[in-house]
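Student: sequence and predicted model, in that order:
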Amino acid sequence: MTVCVAAICQFHENSQPQYTPVVVGASDRMLTAGNVQYEPPQRKAFSLTKKYTVMYAGDASVHSRIITDVVRQFAGDNDATVLKVAEAYGTHMSEYRKRECERLFLNPVGLTFADFIAHQNDLAPQTVDRLTSRIQGYRLDSEAIVMGIDAEPHIYVIQEPGIVICHDLVGFAAIGIGASHATSELMSARYSRQWGFARAVFQVFKAKKRPDVAPGVGQVNDLVDGDINQHWFLVPEMDPKDMLGRLQSTYQQEQEAARKATEIAQGEVVKYVEGLTTTPQVIEPKTGAITISGGKPAIAEQQPGGGSYDGPEE
């Protein structure tokens, strides 16, 4: 699998009084092809149109077909909304899954989906139940993020079997095996879609780095950002100002500072707890209250009516 992160933020130019909405994304390069995972020098973010971008997680062969179909569908269409493109991606994903189910489960028994629907009453009930169960349980294990700006910035997540989920209000989304790690990083930072571009880029980068410890997440970092006119891709092979390198070094400095702060805090807690556990405690005979004493701890238990219990009577 992989991890892909997208977020909405605001960009401000000194010469302009207003803020411009921007979408920012980050991904690794881990590809899945059948049962094989590897990280080639190839990004996982692609332009669906001039203004809209997709990042995907899951089987690369599945998305390769879907992306080709969506690009072909919107070729030359400059007026399509982000939602329309995202819904088209979901539709093509659903159709791909349907074709695969037909090929894997129905064709081997001489059926198509049309045959299966039209002649269910003619088939043995156990055959219908078995085929239905297999079709419903089949998964592509693939999902995607479609992001861009039309009149407003948008982030849509497409999940099986083609469900489109809007993340505009939250302002960010993540997919892939590392999605929970990335999402928790953004939540912990209390990310807001009103954040400025520079702050947002670093936080999205951190969110992508957080799941690096998980198996199946690649180590290479690619970035994409876009405004209402177009998108730009920033990859290690084409990074003349070494922005990715600077983000990486800043991230490492922050992690080292956090590690040292944690060690200091742990040390303070250890000293405090050791102080509590090594200081003798005495139970007051009359009240039963525990007090700190400089002498040896008294072994006494308050009894009803006063006094202390010194052991069994002879």
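Tutor: Perfect, I can see it now.
Student: chain center to the helix or strand where residue 252 lies: distance?
Tutor: Under the criterion of DSSP states H and E, residue 252 resides in helix 243-278. Relative to its parent chain, helix 243-278 has a centroid offset of 25 Å by C-alpha atoms, centre = their mean, to the nearest Å.
Student: output the contacting helices and strands for that helix.
Tutor: helix 197-209 (3 or more C-beta pairs under 8 Å, 6 or more residues apart in numbering; DSSP states H and E). Backbone N, C-alpha and C define where each C-beta goes, glycine included.
Student: which parts of the helix it packs on are buried?
Tutor: 197, 200-209 (16 or more other C-beta atoms under 10 Å).
Student: for residue 86, what are its contacts?
Tutor: Residue 86 makes contacts with 146, 154, 156, 158, 164, as judged by C-beta atoms under 8 Å, 6 or more residues apart in numbering.
Student: for the second one, the count of nearby residues, please.
Tutor: By other C-beta atoms under 10 Å, 23 other residues sit near residue 154.
Student: which residues does it bridge with?
Tutor: residue 148 (DSSP bridges).
Student: so it sits right up against residue 83, yeah?
Tutor: Yes. In terms of C-beta atoms under 8 Å, residue 154 counts as a neighbour of residue 83; the distance is 6.7 Å.
Student: can I get the contacts of residue 86 in TSV including distance to residue 12, secondary structure and pLDDT?
Tutor: Compiled in TSV, the contacts of residue 86 are given as follows (distance: C-beta to C-beta, whole Å; DSSP: H, G, I helix; E, B strand; the rest coil; pLDDT from 0 to 100):
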residue	distance to residue 12	secondary structure	pLDDT
146	26	strand	97
154	20	strand	97
156	26	strand	98
158	31	strand	98
164	31	strand	98
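Student: closest one of these to residue 135?
Tutor: Distance to residue 135 across these (C-beta to C-beta) is lowest for residue 158, with 20.1 Å.
Student: test my guess that the closest one contacts residue 90.
Tutor: Yes. Counting by C-beta under 8 Å, residue 158 touches residue 90, with 4.8 Å between them.
Student: kind regards, and thank you for your time.
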